[in-house]
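Enquirer: can't give you the sequence, but here's the structure:
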């Protein structure tokens, strides 16, 4: 589904809070690692501890909270505690468009069944 080893693959963070004009803020980042419900990213700016974010990576959407932000060599290493992972986004968008009666442009990318993967969290 997605690479769980160290890498430097582009991804996009979307902040849960809206800009004053109502748009969602999108921040380019590098996907480093996903392991033990923890996502590691590299970003050019800091993010607030506890900030709710989503991360688009390949055909998956990670939902979670920022639990660490450390400055390293001019960039920021961000740790995210992942709460859910949605995959099969291409299939979800196609289904949404069909249900809403909108025209659908099928990309040459192979589509798969949409999968919702809950991430278990331990009670504090």
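Expert: In hand now; what should we look at? Keep in mind the model is a prediction, meaning the values are calculated, not measured.
Enquirer: count of neighbours near the closest residue to residue 70 other than its chain neighbours?
Expert: Spatial nearest neighbour of residue 70, chain neighbours left out: residue 77 (4.8 Å); criterion: Cβ to Cβ, 6 or more residues apart in numbering. Where you see a C-beta, it was placed from the backbone N, CA and C, and this is true even at glycine. The number of residues packed near residue 77 is 15, by other Cβ atoms under 10 Å.
Enquirer: confidence score at the residue nearest the centre of the chain?
Expert: When Cα atoms, centre = their mean is applied to the chain, the residue found nearest the centroid is residue 55 (1.5 Å). With respect to pLDDT, residue 55 scores 93.
Enquirer: Skip the chain neighbours and tell me the closest residue to it.
Expert: Leaving aside its sequence neighbours, residue 55 sits nearest to residue 62 (Cβ to Cβ, 6+ apart; 4.3 Å).
Enquirer: Can you say which helix or strand has the one you found in it?
Expert: Element membership for residue 62, per DSSP states H and E: strand 60-72.
Enquirer: list the buried ones in that strand?
Expert: Neighbour counts over strand 60-72 (16 or more other Cβ atoms under 10 Å) mark 60-64, 66, 69 as buried.
Enquirer: Which residues are in contact with the residue nearest to the centre of the chain?
Expert: Applying Cβ atoms under 8 Å, 6 or more residues apart in numbering to residue 55 gives the contacts 11-14, 29, 31, 39, 41, 61-62, 64, 80.
Enquirer: again, but for residue 61
Expert: So residue 61 contacts 54-55, 85-87, 89 (Cβ under 8 Å, 6+ apart).
Enquirer: ok, so of these, who is nearest residue 45?
Expert: When the contacts of residue 61 are compared for distance to residue 45 (Cβ to Cβ), residue 55 comes out closest, at 14.8 Å.
Enquirer: Look up the residues forming beta bridges with that closest one.
Expert: Beta bridges link residue 55 to residue 13, residue 62, judged by DSSP bridges.
Enquirer: Low-confidence regions, the chain specifically.
Expert: Residue ranges of the chain with pLDDT under 70: 1-7, 18, 102-124.
Enquirer: Now do the contacts for residue 57.
Expert: Residues counted as contacts of residue 57 (Cβ under 8 Å, 6+ apart) are 2, 9, 11-12, 31.
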